[in-house]
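Colleague: below are the sequence and a predicted model; questions follow.
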There are 2 protein chains.
Amino acid sequence: MQKRKIVIALGGNAILSEDASAKAQQEALRNTAEHLVQFIENGDDIIISHGNGPQVGNLLLQQEAANSEKNPAMPLDTCVAMTQGSIGYWLQNAMNQVLSERQLDKEVISVVTQVVVDENDPAFENPSKPIGPFISQQEAEKEMQKTGAVFKEDAGRGWRKVVPSPTPISIKEHKVIDQLVKSGVVTITVGGGGIPVIQRENSVEGVEAVIDKDFASQKLAELVRADLLVILTGVDNVYVNFNQPDQKKLEQVSINEMKQYMKENQFAAGSMLPKVQAAIQFVDQHPEGKAIITSLENISGVLAEQGGTIITAN
Amino acid sequence: MQKRKIVIALGGNAILSEDASAKAQQEALRNTAEHLVQFIENGDDIIISHGNGPQVGNLLLQQEAANSEKNPAMPLDTCVAMTQGSIGYWLQNAMNQVLSERQLDKEVISVVTQVVVDENDPAFENPSKPIGPFISQQEAEKEMQKTGAVFKEDAGRGWRKVVPSPTPISIKEHKVIDQLVKSGVVTITVGGGGIPVIQRENSVEGVEAVIDKDFASQKLAELVRADLLVILTGVDNVYVNFNQPDQKKLEQVSINEMKQYMKENQFAAGSMLPKVQAAIQFVDQHPEGKAIITSLENISGVLAEQGGTIITAN
């Protein structure tokens, strides 16, 4: 089989289940690494991206709990960078172990990654992504007045800060990432969707925002001209008419078909929809490439060309 | 001038002065980047390492403040990884800006770095490095009984946890780091002395320890066979008979001379001594290389071959 360049976006369940301790998360990642290593055994070169939702949420709570002049809470962009450090460490450590057990001589590296967004992105007008702790309406109103931040009532559980979720337009480090993967280094990057920055004349500046990791992975796959974008989630395949008598498992689908299904509102917003959008976007921009949406457990199936929803240009 | 491979170990003042906010630390690093960029203008390839003492201290306090079953405090190795993320982000961002302002087309990357220590290192028998918050004697005794951790009374200010400071014996990612710097990428690594790990059969395992960043930088310089190890500190030169009538500024010194001065206890433990030891160790292991101990502000002097204490094999 031909050597391919593959970007793999891990789902949330690849890191954290119930137990938020470092030990439990490291164990979960060792299990994840057991699945991922199959791509390497297959001779592929891989880039791995991951989410950070629960981890950055916990970190924000910790920052808030000790917030003082001497120990000020770090802003969101810095907190994302911190989770790139911690999850990157756990994941590269897990990959190293599994590679060593299988006597595969491969280097693994995690890189701190800044993802550029447009400051005129409409998302900045409509913050939608809840982050951080739940607080009372009174506290929320005080904070809104004081800092200009936006808080929204969240499902009866209290008020939560919401931040924009803008579309990634570039990745500062993509050339180095491409160089690393081309030389066979397993590269962990765009953790938590990347550190959100906006472009100034000579610099980029961190912003309070959260980038969807599937979109960030898609942008990276586009920039490095990957052969394959693998978006991992909780299920082996995407379905249409889900849970209805005419439910249909999608196997090989063109982007036009997928766009049609999107028009029919077949995919749940905030869940399968962004994954489908990221897959379509990648193949649209890079028609020689293909995207697969499947589960971590079905990677063996993907490699046997069985299972998974494969999205192609035609 | 010939293109050189240089490892630069930043001093503590390169990041944090009084103000611990992200904004102030980012500004301090932009100033640091203005100095560092001179090496690049000179045509050198650089690897940058940095400390994390105040940052990891603050992070440990934050972790402790919110510690609960749902949001457990992360262990020290993970906290070091987090500061590699945050400080790496700030520093690569600052370097990017200064490079762009000077129209230098260079890539910058920060990598998560694991540093291997020996589990039989005598440092593990004698934890010496204070970390985390001050607590009362009573609390300390309770913690010692419960967790087996070691706490020591610290200069009348209360009790503090102490951890071992073992000697680095290898760096997991050194091959990739060497590959990056060889291809001209400005590489930020071994932040905070690196994530301390011990080698098991097929894996490395994080340990509660702190590695001296100058020793970690020296080990890296040795592994990548750097031409030059630059250890930055608060002063332009190392002195002997410091603050005495016969005070002498050291300019060009052989490692044998330096060893003699060490025997005379010329250098303060925990301050200049480890820097001198790291410099000697590097040149001992790699006699074609040289080490310089100087200040950030004197980098221009170093490049003009003026100022700084230069340690060579002969």
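Modeller: Cool, got the structure.

Colleague: how about the residue nearest to A:Val197 when sequence neighbours are not counted, what does it touch?
Modeller: Among residues not flanking A:Val197 along the chain, A:Val204 sits closest, at 3.9 Å (C-beta to C-beta, 6 or more residues apart in numbering or on different chains). C-beta: built from backbone N, CA, C; applies to glycine. Contacts for A:Val204 (C-beta atoms under 8 Å, 6 or more residues apart in numbering or on different chains) come out as A:Gln114, A:Val116, A:Lys172, A:Val197, A:Ile198, B:Asn93, B:Asn96, B:Gln97.

Colleague: also A:Ile48?
Modeller: A:Ile8, A:Leu10, A:Leu36, A:Leu91, A:Met95, A:Val186, A:Thr187, A:Ile188, A:Thr189.

Colleague: what's the answer for A:Asp77, then?
Modeller: By C-beta under 8 Å, 6+ apart, the neighbours of A:Asp77 are A:Ile195, A:Pro196, A:Val197, A:Gly206, A:Val207, A:Glu208, B:Tyr89.

Colleague: again, only this time at 10 Å
Modeller: A:114, A:194-197, A:205-210, B:22, B:86, B:89-90, B:93 (C-beta atoms under 10 Å, 6 or more residues apart in numbering or on different chains).

Colleague: next one: A:Leu99
Modeller: A:Ala33, A:Leu36, A:Val37, A:Ile40, A:Glu41, A:Asp105, A:Lys106, A:Glu107, A:Val108, A:Val186, B:Asn202.

Colleague: among these, name the ones in helices.
Modeller: A:Ala33, A:Leu36, A:Val37, A:Ile40, A:Glu41 (DSSP state H).

Colleague: just the buried ones from those?
Modeller: Buried members of these, scored by 16 or more other C-beta atoms under 10 Å in any protein chain shown, are A:Ala33, A:Leu36, A:Val37, A:Ile40.

Colleague: got those as CSV, with pLDDT columns?
Modeller: Compiled in CSV, those are given as follows (pLDDT from 0 to 100):
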residue, pLDDT
A:Ala33, 98
A:Leu36, 98
A:Val37, 98
A:Ile40, 97
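
Colleague: nearest to chain B among these?
Modeller: A:Ala33 (10.6 Å; C-beta to the nearest C-beta).

Colleague: the closest one reaches A:Met95, doesn't it?
Modeller: Yes. In this structure, A:Ala33 is within contact of A:Met95 by C-beta atoms under 10 Å, at 4.9 Å.

Colleague: touching, A:Asn241 and A:Asn265? I think so.
Modeller: No. Shown here, A:Asn241 and A:Asn265 do not form a contact pair, counting by C-beta under 10 Å, at 11.2 Å.

Colleague: more neighbours: these two, which one.
Modeller: Between A:Asn241 and A:Asn265, counted using other C-beta atoms under 10 Å in any protein chain shown, A:Asn241 has the larger neighbour count: 12 against 9.

Colleague: from chain B, how far out is the more buried one?
Modeller: 38 Å (C-beta to the nearest C-beta, to the nearest Å).

Colleague: and the gap between that residue and A:Pro274?
Modeller: 20 Å (C-beta to C-beta, to the nearest Å).

Colleague: burial count for whichever residue of chain A sits closest to chain B?
Modeller: Using C-beta to the nearest C-beta, A:Gly85 is the residue of chain A that sits closest to chain B, at 2.7 Å. By other C-beta under 10 Å, 29 other residues sit near A:Gly85.

Colleague: cool, and A:Arg102?
Modeller: Neighbour tally, A:Arg102, other C-beta under 10 Å: 14.

Colleague: surely it and A:Glu41 touch.
Modeller: Yes. Applying C-beta under 10 Å, one finds A:Arg102 in contact with A:Glu41, separated by 7.0 Å.
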